[in-house]
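Colleague: take a look and give me a structure for this.
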Amino acid sequence: MSLNPDIQSSQTRTKPSSNADTSIESMPDPKESSDDQSVNQKVIKPWMKLRGDIKETEMRLYDQAYELFKLLREALEYALKHEQLPSFIIDITDFFIDENREYRLDDCIRWLILNNAVQRCPLGIEDVGVSAVQTETVEETITGEKNSYIIIIRIITELWPHFPFICLDNSRTFHRLFPETADKLLVGECYFRDSHTKEQMREFPSTPLHRAAGKGNGKVIKYMIHSGRRFQPDDLLQILKLHDPDQRSGKTALSLAAIAENLGALHALLDFDASIADTPDTTFEEALKKGKENVVEAFLQQPELRRKFATTDYILLAIQPLKEINE
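Modeller: Prediction:
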């Protein structure tokens, strides 16, 4: 699976690679397009007007990010409808990178847009269960995606692969496994850092990974993992095992995925590496105790886990609820 056009890491802050599909490279310069059909008209101009019309303390940072998120979604929906997605993706990628820092974008805004996309991304039939994580026989490109939320998520996570695994106050979620270039406080680098009150920071205690897991969105989890493959495999596994920094939850992504109504996220996590369920994780044990057959079945679809859990102890644990009913 790869993005097309290729989007390079934020560590380099470069424009999209010249390795992009030639059919995309040969498209006319977006600036030559009519204003009505350009990212400049639909996203950049309204965003710059918004930034120019407000003072730092007049509009919450979250509200600014949400307005930009809506502009991006509307632009992508237009592009999908009018078959202009490749050029729009290139323009939006350049906008996000903001190489010359002319759009006053920063990691706070980028993270908040990702969080909005994850939180609001609807679940379709193809986004849940095993179908969300089945290996594709052909390379899946971003230009073939029809979900504007997923497109935003894929662009941002390819540029900033550590974003799904941190919360807004990333001093609470920063991990030694992240690249050195990620060791920057999102708030500390923010243009509008005066907008960050303690109350507002508490509004975003969770990570996009844990949010997606709690919703059961396997497709979103799949792309987070795909972008995270730039980390060493063992490192990525350890990152996926981290607990939700939201103290109201404190659960792992696997545990949240098992609680979700849709089990797409559970399938995505187990499909990446079944050892995510190794001790000290107790998700399988809790599913047995609560009689959650669909969760148990999802675990046992993994050959490695069938061997692990096919023991006398787990069998006795599975029949315990039946024994209690008979008593």
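
Colleague: can I see the domain layout of the protein?
Modeller: 22-279, 282-327 (automatic domain parsing).

Colleague: same question for the last one, mean pLDDT?
Modeller: Translated: domain 282-327. Mean pLDDT, domain 282-327: 78.

Colleague: the helices in the stretch 51-200 of the chain, which residues?
Modeller: 61-81, 85-97, 107-120, 148-159, 198-201 (DSSP state H, counting those that start in this stretch).

Colleague: ranking those by mean pLDDT, which is last?
Modeller: helix 198-201 (a mean of 60).

Colleague: adding mean neighbour count and distance to residue 169, write the helices of the stretch 51-200 of the chain out as JSON lines.
Modeller: For every residue, glycine as well, the C-beta is placed using N, CA and C. Formatted as JSON lines, those follow (neighbours: other Cβ atoms under 10 Å; distance: least, Cβ to Cβ, whole Å):
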{"stretch": "helix 61-81", "mean neighbour count": "18", "distance to residue 169": "13"}
{"stretch": "helix 85-97", "mean neighbour count": "21", "distance to residue 169": "22"}
{"stretch": "helix 107-120", "mean neighbour count": "22", "distance to residue 169": "10"}
{"stretch": "helix 148-159", "mean neighbour count": "24", "distance to residue 169": "19"}
{"stretch": "helix 198-201", "mean neighbour count": "10", "distance to residue 169": "5"}
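
Colleague: those: which one's closest to residue 293?
Modeller: helix 107-120 (28.3 Å; Cβ to Cβ).

Colleague: give me the below-cutoff pLDDT ranges for the stretch 151-300 of the chain.
Modeller: 170-202 (pLDDT under 70).

Colleague: deepest in the core, which of the domains of the chain is it.
Modeller: domain 22-279 (a mean of 18; mean count of other Cβ atoms under 10 Å).

Colleague: return the residues in contact with residue 39.
Modeller: Listed by Cβ atoms under 8 Å, 6 or more residues apart in numbering, the contact partners of residue 39 are 30, 75, 88, 91-92, 95.

Colleague: sorry, back to before: need the helices of the stretch 51-200 of the chain in a markdown table (columns: distance to residue 219).
Modeller: A markdown table is the format used below for the helices of the stretch 51-200 of the chain (distance: least, Cβ to Cβ, whole Å):
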| stretch | distance to residue 219 |
| --- | --- |
| helix 61-81 | 16 |
| helix 85-97 | 18 |
| helix 107-120 | 11 |
| helix 148-159 | 6 |
| helix 198-201 | 29 |
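
Colleague: of the ones you listed, which is nearest residue 227?
Modeller: helix 148-159 (3.9 Å).

Colleague: angle of that closest one against helix 107-120?
Modeller: Orientation note: helix 148-159 sits at an angle of 140 degrees relative to helix 107-120 (axes from the mean of the first three to the mean of the last three Cα atoms, to 10 degrees).

Colleague: quick one: which of the helices of the stretch 51-200 of the chain is nearest residue 288?
Modeller: helix 107-120 (29.8 Å).

Colleague: the closest one to helix 85-97, inter-axis angle?
Modeller: Using the same axes, to 10 degrees: helix 107-120 against helix 85-97 is 130 degrees.

Colleague: which other helices and strands does helix 107-120 contact?
Modeller: Applying 3 or more Cβ pairs under 8 Å, 6 or more residues apart in numbering; DSSP states H and E, we find helix 107-120 packed against helix 61-81, helix 148-159, helix 208-215.
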